[in-house]
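K.L.:
All I have is the shape, not the residue letters:
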């Protein structure tokens with residue numbers, strides 16, 4: 001190169017125009033780099049998702065999750081509006097204290113208005129809880145909750161597609177996805193499930209029904225000559241009633257809690273207790289094997305052969 005002399009003295013060069021034109025964001029680690037919290041309640045990650053493009057069967061369009069950092073147990077609530085987040089957090093904090101005897105020490109969330117309201121901030125201070133907020137436009141710093149959102153939505157979409165059920169059942173699908181997540185292994189914990197880390201007991205998920213499959217539901221009909229069952233679809237376990245199941249009625253587009261149900265042949269049914277982090281107990285109902293009428297091959301009647309009677313000698 002001619003006409004110019006290059007000087008490289010390793011001195012730092014600061015160019016104001018270059019900073020304006022070439023500025024980029026700092027690299028954010030894709031994986032959790034810090035150790036998990038020591039005990040249940042030490043750190044909780046939360047996030048509100050929504051609005052959903054489709055209202056749920058219960059006319060809701062948001063959900064909020066709370067994930068404990070130590071056990072990776074997740075709790076989910078379906079919301080009408082974002083401002084319900086404060087009440088749901090108080091319910092969750094009360095559940096943690098009453099059922100497990102601990103208080104939440106640190107809450108991690110984004111800077112959404114539902115988490116930074118005066119009432120929410122005052123409650124955290126009153127309870128002695130630390131609130132760790134993300135920097136604006138940096139959702140990655142709330143990585144545990146944001147990654148959970150992606151996982152839940154992907155599995156929810158897969159359930160709806162596989163079952164062929166309408167998208168209005170997204171809330172019921174999410175409840176089932178969270179239940180399965182708490183009962184199965186996660187990368188963060190290794191060879192232990194969130195349920196076992198929290199309770200010290202191994203979960204029993206043998207015979208979990210296929211989400212969206214058809215079931216027969218007893219109707220308590222008073223007509224002695226009428227049918228006593230109707231066909232509906234199973235969409236999960238009830239969190240509020242022992243041995244109850246969530247049943248979807250396509251004709252009425254509603255979900256009810258039913259106990260007297262019978263699954264289609266080939267599926268075992270297990271009952272569960274009330275808690276979201278519960279484990280199924282012993283098998284409760286088994287549908288009897290039924291041979292479809294179309295698969296029965298009719299046999300020809302036996303020929304009418306006269307009976308021969310031997311005469312006495």
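P.N.:
Cool, the structure landed. Quick caveat: nothing in here was measured; it's all calculated off a predicted structure.
K.L.:
CA only for contacts and neighbour counts going forward, please
P.N.:
Fine.
K.L.:
Could you count how many residues lie near residue 173?
P.N.:
24 (other C-alpha atoms under 10 Å).
K.L.:
ok, it - contacts?
P.N.:
Applying C-alpha atoms under 8 Å, 6 or more residues apart in numbering to residue 173 gives the contacts 156, 159-160, 235-236.
K.L.:
Give the helix, strand or coil label for it.
P.N.:
Three-state assignment for residue 173 (DSSP: H, G, I helix; E, B strand; the rest coil): helix.
K.L.:
so how far is residue 87 from it?
P.N.:
From residue 173 across to residue 87, the span is 23 Å (C-alpha to C-alpha, to the nearest Å).
K.L.:
Then residue 59?
P.N.:
19 Å.
K.L.:
Now do the same contact list for residue 194.
P.N.:
Going by C-alpha under 8 Å, 6+ apart, residue 194 touches 71-73, 181-186.
K.L.:
Please apply the same query to residue 9.
P.N.:
Contacts of residue 9 were listed using C-alpha under 8 Å, 6+ apart, and none were found.
K.L.:
all helices for the stretch 151-300 of the chain, in order.
P.N.:
According to DSSP state H, counting those that start in this stretch, the stretch 151-300 of the chain carries its helices in the segments 170-183, 194-199.
K.L.:
Sketch out the low-pLDDT regions of the stretch 201-313 of the chain for me.
P.N.:
265-313 (pLDDT under 70).
K.L.:
any chance of the helices of the stretch 151-300 of the chain in TSV, plus distance to residue 4 and mean pLDDT?
P.N.:
TSV is the format used below for the helices of the stretch 151-300 of the chain (distance: least, C-alpha to C-alpha, whole Å; pLDDT from 0 to 100):
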stretch	distance to residue 4	mean pLDDT
helix 170-183	65	96
helix 194-199	66	95
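K.L.:
right, and the ones you listed - which one's nearest residue 240?
P.N.:
With distances scored as C-alpha to C-alpha, the stretch of the helices of the stretch 151-300 of the chain nearest to residue 240 is helix 170-183 (12.6 Å).
K.L.:
Quick check: buried residues in that closest one?
P.N.:
If you call a residue buried by 16 or more other C-alpha atoms under 10 Å, then helix 170-183 has these buried ones: 170-179, 181-183.
K.L.:
what's the answer for stretch 206-217, then?
P.N.:
Buried residues in stretch 206-217 (16+ other C-alpha under 10 Å): 208-212, 214-217.
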